[in-house]
Structures are given as C-alpha cells and as structure tokens.
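A.B. asks: got a predicted structure plus its sequence, pasted below:
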There are 2 protein chains.
Amino acid sequence: MRVRVDGEVRDVRTVWLDDGIVKLIDQRALPFEFRIHEARTVEEVAEAIEDMVVRGAPAIGATAAYGLALAAINGDDVKAAADRLRRTRPTGHDLFHAIDVVLRGIRAGSSPTDAAESYAKDDIARCRAIGRHGAKLIKNRARILTHCNAGALAAVDYGTVMAPLRVAKDAGRRFFVYVSETRPRFQGSRLTAWELAQEGIEHAIIADGASGHFLSRGEVDLVLVGADRIAANGDTANKIGTYEKAVVAKENGVPFYVAAPTSTFDLSLASGAKIPIEERSPQEILHLEGRPTAPKESPARNPAFDVTPARYITGFVTDAGILRPSQLRALGTTAARRRTSPTKARKKR
Amino acid sequence: MRVRVDGEVRDVRTVWLDDGIVKLIDQRALPFEFRIHEARTVEEVAEAIEDMVVRGAPAIGATAAYGLALAAINGDDVKAAADRLRRTRPTGHDLFHAIDVVLRGIRAGSSPTDAAESYAKDDIARCRAIGRHGAKLIKNRARILTHCNAGALAAVDYGTVMAPLRVAKDAGRRFFVYVSETRPRFQGSRLTAWELAQEGIEHAIIADGASGHFLSRGEVDLVLVGADRIAANGDTANKIGTYEKAVVAKENGVPFYVAAPTSTFDLSLASGAKIPIEERSPQEILHLEGRPTAPKESPARNPAFDVTPARYITGFVTDAGILRPSQLRALGTTAARRRTSPTKARKKR
C-alpha cells in the first residue's frame, strides 16, 4: 500500500520478512503514528497476533506463515511453532489455512522462507482478484457502508473490501463510504478511515449504532464487509456488529456483500454454528488507552465476532469471482485441485 | 435516587430548584465524579441542556420547567425564556411539553416556581407509575437488553426503563441487564451502568454492535429502551442505535418495549417521518475527552437519534399502563382531559 509518512510516499506491506525478522506495521499506533514492529522469535510473532499489532484474518494468516519461516531460521521446531501460532486467535480461518499451506510446502520440498513468501504473494494475488471481480459492484456515486477494517492492513496488501474500492477509484468512479467506527478497538475510525484518507476516497465515520439510521433512510446503496471465517453454507463470522448490519440491510432491501479470499472459507464446517467466537478481555470495553469508560464495579462482555447467517448475504466477492451462498461448495473442488498441485492451480489464474 | 458518594448515601434528584439556582447532577462527570452543576440564568440553563450536563427527554423537560421559574425569579421575560429553551434540542418532546404545561399553569394563576415544581413532581409520579405497570415484564431470571440511559438521570428521579427494574428488584426478583455502551457519549456504560451498580443489579456492558450477537443466540428475553419522542402511530425516536436493536429483536422473536411517560408522546405527529433528528458535532465521534480517535483528515456524521417504526415495537410502558402501538391514540383523550383540569386528572390516578 502507498502510505504518506512525514510527507514521503512509501510502498509498504502489512507484514514481511526482512533479514530474519518479521516486520509488521504496528496497527495499534495508527493513525497517529506509523511505526514498524519487529518480531524476532515465534513467541514474539504469536504475541503480535494476540495483542493485535496485526489483525484481519488474511494478515494474521500471512504473519503466521512468516512465523514458521522464522522458526526454521532460528533453528526452532517448526511443528511446535505451528502449535503455538494456532493457539493465538480462534475465530479467523486464514491462520489455520496458512499454517497448513506452509507446512505442506515444506513437506513438498520448499524452504520455509520460500513457502511463507509464496503464501504472502498468493494473498496479494487473491486480494487483487477480489478487486477486479468486486469493482463492478461499486457504481459511480454509490454510497457504501463498511465495518471494521478489511483493507490492505487486514491482508498483506491491497485488502479485501478495500480492493474493489481501489479499482473503482482508479477507474475514475466517485463514491462515498460510511465507516462504522467499530468498538471496542475502533478499527473503522482508526484503520479504514486512514486507508480511505490515504487514497483520497470520500468518507465519513459514524457510530456503530448509526448504520441502521442511514440504511433506513435510503442513504446506503451497498454494504460491503470482510470476513474472518466462512462456513460451507455461507454463514460468515466477522467483526462484532456485522450481523446487525446484515439484518437491517436485508430489512431495507440493501445488498449485503462479503469480500474474502478463498483462504477465509472453511468448507469443513457445514454451518456457522461451529465457528468458535473469541471473547476478548473486558478491559477493551471498560478502558480506553488506560482510562476508564465505565464505573469500576461494572463488568463487560466482549465477543470479538458474530456470525451472520447466509440468508442475509447477497453474495461473496472472492478471488474466484462473485458467488452466491449456494455456490460456495464449488470452491471445495477448486481448493482440492489447488491442494494437489498448488503451482499448477496458480498458473491457471 | 439513592447514591453513594464517598461512602455516604444521599437521596438526590437529577434537577431541582434551590434558592433561585437550578441545580443539576453533572452527567458529563459521571461515573467518575459526582458533582452538582449550578445554573443561575436562563442562558445557563439552556447551555446546560445543550452541553448535556443534563440529558434524557423527561429530565430535559423538567430542567426547562425550572428554567422558566428561574426567568420569573430573575425578572426576565418568561416568553423569551421559553423561546430560548425551545431552541436547545430539537428531538425530544418533553422539552416542548414541559414549557407548554408551565406556561399554561402560569396563565391559570400558578406562580412560575409552583408550576415548575408541580411539573417535576408529576414527572416523578409518571415514572413511578411506569415502574408499577412495567414490573410485570421483568420476570425472575430475565435477561434484559437496554441502550443509552433511561434511568433516574434521564428523568427527575426513578427513571423510565429503570423504574420497572427498581420495582422488580425490590420485589426480590433476580435478573440481568445487558448495557449497550452507547457511542458516542457512552450514556450506557457511564450512566446506566452507574445506576445499576448503585442498585446492585447484575449487569454487563457490551459494545453497541454486540446486541445482535446476544439476541441471535437466545441470550436476551426482553429489550427495554426509553424514548425521546413518540408519534401518534407509535413510531419512536430514541438514541441512535435503537432502531437496529428493534429490527434484530423482531427478527429473533424477542419482545421490544419502549418505556416512556405520556409527556414523551407527541400525538400531533401522525408518524415518525416528521420528528426532527438532531445531528450533533462530529467532534463527539472524532474525539474522546479531547484526544482524537480518527485521522485528522476524516469527517464524521453524528445523528443523535433514530426513528424506530411502530411495527417493531411490542408495546409502550407508560404511566397510563402498557399499551400496544394501536392503542396510543387513546392517550390523546387522556391528555385532553388533563389539559382541561390538571388537578382533577392528577387526583384520579
């Protein structure tokens, strides 16, 4: 992604491997400070995922891939590293997918670094394909509502929701994005707004509860969100608050699309009922940058994700095209083909 | 309301008139500091409403009533004072109702102070009646979801949503309240959680976007919210985010009730389409206690209320009983009767 840092334009990825160090844009510091976080051990990579230095299902997947490369570089046991990384966050699918892909690459003879690098490059290719397929949904003068951050920062680069927006912008279309701020961690107002501002895309931040107001008044043409895990029937886990937007969009006849790479699809799950929902620390709700937002006697509940049943989802913008929920099982065949011959499948695209 | 301040229990109202000064609990400081704000002129009363020292439709109504009394005490023109106070906030109905009632009382021969005092006492009586009628909705072991603050702090005392909860608690019932934190001003986590903690009622604060998660999992038995203005057909303006909860509650078969005194009903409006929606400063979204929550380039939209169509509302818990949306027009007759003879109507209750 192109970022302006102190007046200088840099082209940077969310995560990369540089001379035996996993480097990450520290997403906890944005938009106020652009700083690079360094992880030198598998444990430091795992903690960067847990502490949300990096977040977003595809970005977490690539970070874990680089974590395995780091394990090999440091002479650690790669399987033990995989176990540690798998325990970082339970909901997103890309984490598990990325670890499986890299381990498979190593077994097939790749160096761990090559396998990780190849995974990251594939992630970028998937996001670019999402952009090409999804751009047709972004009409001129469209008003789009999004939630959380499914931008370049949520992937290695380019983004999932942000990909069609970038393509449409480059094609000269003008449109407007409502950015739901996304409590408790403000990924909407801190990260998505930052990416949109960097790209010069018109937008406004709104409170999470305000989406319904704009949807009900006919002021939103399209809802486009990312995903953390998608079951075979199309049920979709994404950032807490997504489900409400989907229900209210349907109630108002507004199309609701999910943009996600095939790495986010978990076809081993028949439905969303079995997707584990991470419950994070109540402190994320009760404190903001160390200062309390509530009485000290009050507890909080903090589910980080919710599940949107497929019946509220108009379609999925994937690297394999735009698919209806009923068409997702076809991805299984593609995935199986890729598994047998990853290089061949990649060439086909 | 009973409040514990520095280990001492005090019985205090949200607003009162004391020796020519309108005194208010400063709701901007809660729950971290309990302090009393003093308004000595009509302008100071108007600013206290605008700056949200006091908020909540019934509390704003009573504050305006005391503002008129203050005008008379200070020798100001009472009609000009009424005009200034009417311009403070556009959405809630009680403000306009209270001003009309006090002006009528003065015309009928009351002293302005007596008219304001009588309005405040009536507000307390209305809230107590809401408590009596509504308590039957609060079953033992019920899990209730609320939004914003419709507690004692939103009225002169006792509250609207909080009234049935207090009665049910006093009757020995145990129940649990999900408190939606209510961005951008956190009236849920700052005020409702504070009132619940003061009363020893079990609760947990949740992000605004998390309501749907708990509703969809069968973990909420009842949604109970306040109101700022209710049209003749039952369409209800309330804090931004209410509409989404109503739609998602209906989708999941969870009853959705609105607790409000008759002073909040605006039977002059056929539907909610004509309720003016206040849009407050974007700074409420973009800053928190002076610190930014978003990039400096990003604008925000900040509608403070939304309108929930009557079709999503199971019933209204009012001082005149629990009513279906279709029964609201009957309140017109009651209101007309009260207008002719306020004292007589009051005795009847």
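C.D. replies: Everything's here; your move.
A.B. asks: tell me which residue is most central in chain A.
C.D. replies: A:Gly56 (3.4 Å; CA atoms, centre = their mean).
A.B. asks: could you check how far that residue is from A:Thr182?
C.D. replies: Going from A:Gly56 to A:Thr182 by CB to CB, to the nearest Å gives 12 Å. Quick note: C-beta positions are derived from backbone N, CA and C, even for glycine.
A.B. asks: okay, now A:Gly212: neighbour count?
C.D. replies: 29 (other CB atoms under 10 Å in any protein chain shown).
A.B. asks: wait, it touches B:Gly241, no?
C.D. replies: Yes. With contact defined as CB atoms under 8 Å, A:Gly212 and B:Gly241 form a contacting pair (7.4 Å).
A.B. asks: overlap in contacts of those two?
C.D. replies: B:Asp306 (CB atoms under 8 Å, 6 or more residues apart in numbering or on different chains).
A.B. asks: who in the stretch 101-250 of chain A is up against chain B?
C.D. replies: With CB under 8 Å from any CB of the partner chain as the criterion, the stretch 101-250 of chain A meets chain B at residues A:147, A:178-184, A:186, A:189-190, A:193-194, A:196-197, A:203-214, A:216, A:239-245, A:247-248.
A.B. asks: state the distance from A:Glu278 to A:Asp306.
C.D. replies: 11 Å.
A.B. asks: okay, those two: which has more neighbours?
C.D. replies: A direct count of neighbours by other CB under 10 Å for A:Glu278 and A:Asp306 places A:Asp306 higher, at 27 against 16.
A.B. asks: circling back to that earlier point, which neighbours do A:Gly56 and A:Thr182 share?
C.D. replies: A:Asn149.
A.B. asks: confidence-wise, which helix or strand of chain A is lowest on average?
C.D. replies: helix A:342-348 (a mean of 40; mean pLDDT, DSSP states H and E).
A.B. asks: mind listing what A:Thr41 touches?
C.D. replies: Neighbours of A:Thr41 in contact, by CB under 8 Å, 6+ apart: A:70, A:74, A:76.
A.B. asks: would you mind writing the CA trace of stretch A:71-85 as CSV?
C.D. replies: Only the C-alpha atoms of stretch A:71-85 are listed here, as CSV (Å, rounded to 0.1, in the frame of the first residue of the first chain):
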residue,chain,number,x,y,z
ALA,A,71,11.1,-20.7,13.4
ALA,A,72,13.2,-22.5,10.7
ILE,A,73,15.7,-19.6,10.5
ASN,A,74,16.1,-19.7,14.3
GLY,A,75,16.5,-23.4,14.3
ASP,A,76,13.3,-24.0,16.3
ASP,A,77,11.0,-26.9,15.9
VAL,A,78,8.6,-25.9,13.1
LYS,A,79,5.7,-28.1,14.3
ALA,A,80,5.9,-26.7,17.8
ALA,A,81,5.9,-23.2,16.3
ALA,A,82,2.8,-24.1,14.3
ASP,A,83,1.1,-25.3,17.5
ARG,A,84,1.9,-22.1,19.3
LEU,A,85,0.7,-19.9,16.4
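A.B. asks: where in chain A is pLDDT low?
C.D. replies: Within chain A, the ranges that satisfy pLDDT under 70 run A:333-349.
A.B. asks: what packs against the top helix by length along it?
C.D. replies: In chain A, taking DSSP state H as the definition, the longest helix is helix A:112-134. Helix A:112-134 is packed against strand A:15-18, helix A:57-73, helix A:94-107, helix A:162-170, strand A:256-259, strand A:315-318, strand A:321-323, with contacts defined by 3 or more CB pairs under 8 Å, 6 or more residues apart in numbering or on different chains; DSSP states H and E.
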